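Visitor: Below are the sequence and a predicted model for it; my questions follow.
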Amino acid sequence: MRAPFKKFLASGNVFIWGCAAGVSVSLLMVFGLLLLIVFNGLGYFWTANIVELTLKDTQHVMGQLAGREVIPRSVTPDRPEGKSRLRVKVGNRDIYGLDFKWVNDDQIVSETYPPDIALLERREWGNMYARIKAVYRGETLQAEGNDAGWSALAPLIDTTNALHQQITRIEGIEIGSINTDIEQARLKIRALEIGAAPDTRERGQIDTLKAQVAAAESRYQEKTLELDTLRTQFNEYSVLMVDANGREKQIPVGQIIRALRPNEMGLMHKSWIYLTNVWSVLSTEPREANTEGGIFPAIFGTVLMVIIMSLAVVPFGVLAALYLREYARQGVMVRLVRIAVNNLAGVPSIVFGVFGLGFFIYAVGGTLDTLFFPERLPAPTFGTGGILWASLTLALLTVPVVIVSTEEGLAAVPREFREGSLALGATKLETMLKVVIPSALPGILTGLILSMARAAGEVAPLMLTGVVKLAPSLPVDGSWPFLHFDRKFMHLGFHIYDVGFQSPNVEAAKPMVYITTLVLITVVVLLNLTAIVLRNHLRKKYAGSVL
Amino acid sequence: MQTGPRQSPDHDSKAQAVKLTLNHVDFFYGERQALFDINIEIVKNQVTSFIGPSGCGKSTLLRCLNRLNDLVEGAHLEGTMLLDGMNIYGPDVDITDLRKRVGMVFQKSNPFPKSIYENVAYGPRLHGIKNRGQLDQIVEEGLKGAGLWEEVNDRLQASAFGLSGGQQQRLCIARALAVKPDVLLMDEPCSALDPVATAKIEELLFSLKQDLTVVIVTHNMQQAARVSDWTAFMYLGEIVEFGLTKQIFTTPSKKQTDDYITGRFG
C-alpha cells in the first residue's frame, strides 16, 4: 500500500494538479472580478421599463426596478425564506429628496407597466418619472393632457438642446477667450507696474493695455446681453408634470435633456438608446456632483497623464539602464545602485506623492513662478498641483520598472552582435545606437507597458499633485499655448474614489463607480495593446534576437 | 617547446612579404597568463591556421590581432605585434582603423537583425559612405567575394535571418569584406556548419587569399591541412611548432605535434 503511494507521489502528478489548481484559482478571481464589473457597469445603460405599484395603503409608486433583496433580520423559524422587498428608482429627487425607495413585497397590491409614463432626463435633480399634464409657454397653455403634451414636448426639447449648446459655446469659448484677453492684459499691466516706477514709454503701453481691457469688457457686456436673451428663450416653455400620487411639479423645458416613454419602446429603440447612453457617458462632462452625465474629462486626463509620463520616463529609464549595463564598471557600487533601484519600485506610492508635492510643486514650481510668472503672484501658476507635476511624479514612481526591463533587454542582446559590430570598426557608441538599442527595443517597450499599467491605476500620489474632483477645463484647449501643463485635471481612478465614497447620493453613484472602473480597465488595456502591437512589430523586425 | 628565437620557417626560396610579426607576445586575463612568449610571422596573401586542443589559447591569440580582447576587463598584452611594421598596440593607434584593416569572422554566424543589404552595407556606412550607388557596388562586390551574390541578389532587402546557416556565415564574410580589410581573421568559421557549407567556405578561402591575408583558427585538422599554407600548433598558451602545413602534417619536428595530429591526444 505504501509503495504505490510513494510511486504516485514521485510521478509528480500531484504537483501538476497543484499547479493547475493555482492557475485556475487565479483565473477565476480575475474573471470573476471582470464579470462583476462588466455586468454591473453595462446594465446601467439599459433603460428599464417603468413600473407602477399600487400599495395596500392606496399609495402609488412609480419608477424603475433596481433589485430585490431579503429584508435584514426578517428570517424567523416559521418563515425561513424571510421577507423580501423591492428597490425602486423613483427619481423625482426635487420632490421626494431621495432617488430610491424600498417597497416590501407584502405591501404590493398590483404591479402594472402603463405605457404613458414619461422618463425625463434632467440637467439637475436627476430623472423624473411622471405623467405630463400640460405644456405652457410662459403663462399660456400650449397643450393639455398626457398625449397631446407628449407630442408637443418632443420638438421643444430639440430646440432647447440646440439653445443649450449655443449657450455653452458662448460661455465656454467666446466669453472664455474674452476673459483670457482681459487676464493677459491685466497681467501685462501688473508686470509693467511691478518693477521701478514706469517711464513715459511704459506708461503709454499701460494706457493702450487699459484701453484693450475696456474694449474687451464692453465686448463682454454684449455677450452677456446675448446670453440673457438666449436664457429667456431657454426657459420660455415649461411642462407641468404629475407624479404617481397626483403631486404636480412644473419644470422648464430647458431643464430636460431627453424625454422617453420606456414602456412604449421596442427592443430596437431601447438598443439604440443604450448605444447613445454609452456614447454620452464617454463623451460628455459630469453633472450632479459626478453622479450623472459623462466621464469624458476623466478619460482625457488619464490618457494625457499616461502619455506625458511615458514621454518623461522612457528617456530617463533607458539612459540610466544604458549607463548601468554598458558603461559603468560592474562592481559593488553598480550592484548597490541596482538594489536601490529595485527597492525604489516597492516604496509606497503616497511617499512619491509627498515627494512630488515637496520637490516638483513647492521647490521647482515655486521657483518657476517667481522667475517667470511674478505678475500672477500670490496666485500660483506652476506652484500648485497640475498635470505636469502629477505626470512627473508618476514617472519617478515607474522609472525603476523601465530601468529593470531595459537592463534585461540589453543583457539579452547576444554578445556576438556587439563583437560583430566592433570587429567592423564601429565605436562603442555606434554599436550601441545601431545594433544594441534596436535589439533591446522590445525589452524597453515591455518596461513601458508595465509602467503605463501601474501609472494609470495609481491614485494616491495624484491626490497630492494635481487631481481634482471636477476640473473646470481640460488641460488641452483652443487657447494658446494649447497644452496647459499647469492645469489641474480629472482622473478615472480618483473619479472612482470620489463618486463612490465622497458622493452624497450613494445609490445613484453606485452604477457610476462600476462604469468608471470598466472604462479605466478598458483604457489601460487599450494603452497596453497599442504598446504590445508596437512591440510585436519590432520583434518581427528584429526576429532572431533573443527577446 | 618553442622558445627564444623566432621561428621563421624555411620555405620556397622566393621572398615573401611578412604581414604580421609577433614578438615575445605574452597575454594576461587579469592575473592569469593565457599566452606565453609567442613569436611568429604571418605571410601576406597566404592562409595561416592555428590548431590545438580546446583552451590552448588559439582564439585568444586571434582576438589579440584585432584587439577585440581589449573588451575583456583586466586583459593586457606584453611584447609587440606589428601589422606592416606598425605596432598594433601602439599608443597612437586608432582602434577602429585597425579593425577596419583586420576584419573578423566569428565561430557562430552573427548577422545583425537587419536586411541582407544592410548587413553588408553596415561597415561602409560606418566609415562614411553615403552615396547609394557606391554602396550598391560595395554590397555587390562583398557578396560576390563571399560567393553569395548568385543566391541572394533577388532578395537583398529580405531579413538576414531567413538565410541558412552556411549562407549566414558567408554573409558575415561578405560583411567583413565590404570594409576592404588587409587581413581576415576567422575563428572556427565552419564549426557549426554541415560538410557542404564547409566545403563552400573552404573553397572561398582559396580565392580570398588573392587579395587578403587569412588567419584561421580551427579544431578540424583535416581542414587545416586542406586550406592553410602555414600551420601553428598551440598547446597550453604556447606555440609548440610553426611551419609550412605540409611539413607540420608530414614530418613534425616535435613529438607533441605528432601525437596531436595523429590523434593520440587532444
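Guide: In hand now; what should we look at? Model, not experiment: these values are computed from the prediction. Numbers count the residues shown, from 1 in each chain, chains lettered A, B, ... in the order given.
Visitor: Could you give the number of residues near the residue in the stretch 151-266 of chain B positioned nearest to chain A?
Guide: Proximity of the stretch 151-266 of chain B to chain A (CB to the nearest CB) peaks at B:Phe161, 3.9 Å away. For the C-beta atoms, the positions are set from N, CA and C on the backbone; glycine is no exception. By the measure other CB atoms under 10 Å in any protein chain shown, the count of residues near B:Phe161 is 16.
Visitor: Does it touch B:Pro113 like I think?
Guide: Yes - when contacts are counted by CB atoms under 8 Å, B:Phe161 is listed as touching B:Pro113 (6.9 Å).
Visitor: next one: phi and psi at the residue nearest to the spatial centre of chain B?
Guide: Note on chain B: the residue nearest the mean C-alpha position is B:Leu185, at 1.7 Å, using CA atoms, centre = their mean. Main-chain torsions, B:Leu185, degrees, to the nearest 10: phi -100, psi 130.
Visitor: give the contact list for it.
Guide: B:62-63, B:65-66, B:102-105, B:215-216 (CB atoms under 8 Å, 6 or more residues apart in numbering or on different chains).
Visitor: So how do I select the buried members of those residues in ChimeraX?
Guide: Selecting only the buried entries of the contacts of B:Leu185 in ChimeraX, with 16 or more other CB atoms under 10 Å in any protein chain shown as the criterion:
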select /B:62,63,65,66,102,103,104,105,215,216
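Visitor: Among the contacts of B:Leu185, which lie within strands?
Guide: Those of the contacts of B:Leu185 mapping onto strands are B:102-105, B:215-216, per DSSP state E.
Visitor: In the residues you listed, find the pair that's most separated.
Guide: B:Val102 and B:Ile216 (13.5 Å; CB to CB).
Visitor: Who are the packing partners of whichever strand or helix holds A:Val334?
Guide: Secondary structure from DSSP states H and E places A:Val334 in helix A:332-344. Helices and strands touching helix A:332-344, by 3 or more CB pairs under 8 Å, 6 or more residues apart in numbering or on different chains; DSSP states H and E, are helix A:387-411.
Visitor: So what's the gap between the helix it packs on and the chain middle?
Guide: In terms of CA atoms, centre = their mean, to the nearest Å, the centre of helix A:387-411 is set 23 Å apart from its chain centre.
Visitor: same question, stretch A:45-52
Guide: With CA atoms, centre = their mean as the basis, stretch A:45-52 stands 26 Å off its chain's centre.
Visitor: State the distance spanning the first to the last residue of that stretch.
Guide: 21 Å (CA to CA, to the nearest Å).
Visitor: Could you tell me how many residues sit around the nearest residue to A:Gln255 once chain neighbours are set aside?
Guide: Leaving aside its sequence neighbours, A:Gln255 sits nearest to A:Arg122 (CB to CB, 6 or more residues apart in numbering or on different chains; 4.9 Å). By the criterion of other CB under 10 Å, A:Arg122 has 23 neighbours.
Visitor: dump the residue contacts of A:Arg122.
Guide: The contact partners of A:Arg122, by CB under 8 Å, 6+ apart, come to A:128, A:251, A:255-257.
Visitor: So B:Glu241 lies in a strand, does it not?
Guide: Yes - assessed by DSSP: H, G, I helix; E, B strand; the rest coil, B:Glu241 belongs to a strand.
Visitor: per-residue confidence at it?
Guide: We have a pLDDT of 90 for B:Glu241.
Visitor: Residue numbers of the stretch 151-266 of chain B in contact with chain A?
Guide: Contact residues (CB under 8 Å from any CB of the partner chain) of the stretch 151-266 of chain B with chain A: B:159, B:161, B:172, B:175-176, B:179.
Visitor: Pick the one among the contacts of B:Leu185 closest to B:His127.
Guide: Taking CB to CB as the measure, B:His127 lies nearest B:Gly103 of those, at 12.4 Å.
Visitor: wait, the closest one sits on A:Leu424?
Guide: Yes - B:Gly103 lies in contact with A:Leu424 (CB under 8 Å); the separation is 7.3 Å.
Visitor: which residues are common contacts for the two?
Guide: Common contacts of B:Gly103 and A:Leu424, defined by CB under 8 Å, 6+ apart, comprise B:176, B:179.
Visitor: any idea how far A:Leu267 is from A:Ala152?
Guide: In this view, A:Ala152 and A:Leu267 are 27 Å apart by CB to CB, to the nearest Å.
Visitor: Those two: who's more crowded?
Guide: A:Ala152 (20 against 7).
Visitor: ok, now which ones touch the more buried one?
Guide: Neighbour list for A:Ala152: A:135, A:142-143 [criterion: CB under 8 Å, 6+ apart].
Visitor: export those residues to JSON lines and tack on pLDDT, neighbour count and secondary structure?
Guide: Formatted as JSON lines, the contacts of A:Ala152 follow (pLDDT from 0 to 100; neighbours: other CB atoms under 10 Å in any protein chain shown; DSSP: H, G, I helix; E, B strand; the rest coil):
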{"residue": "A:Val135", "pLDDT": "89", "neighbour count": "22", "secondary structure": "strand"}
{"residue": "A:Gln142", "pLDDT": "84", "neighbour count": "17", "secondary structure": "strand"}
{"residue": "A:Ala143", "pLDDT": "84", "neighbour count": "20", "secondary structure": "strand"}
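Visitor: need these in CSV with distance to chain B, can you?
Guide: Shown next, in CSV, are the contacts of A:Ala152 (distance: CB to the nearest CB, whole Å):
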residue, distance to chain B
A:Val135, 72
A:Gln142, 74
A:Ala143, 74
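Visitor: quick one, strands of the stretch 251-400 of chain A?
Guide: A:256-260, A:286-287, A:292-293 (DSSP state E, counting those that start in this stretch).
Visitor: now the stretch 1-150 of chain B
Guide: B:18-29, B:32-43, B:47-51, B:75-83, B:86-87, B:102-105.
Visitor: Between these, which one is closest to A:His537.
Guide: Per CB to CB, nearest to A:His537 of the strands of the stretch 1-150 of chain B: strand B:102-105, 31.3 Å.
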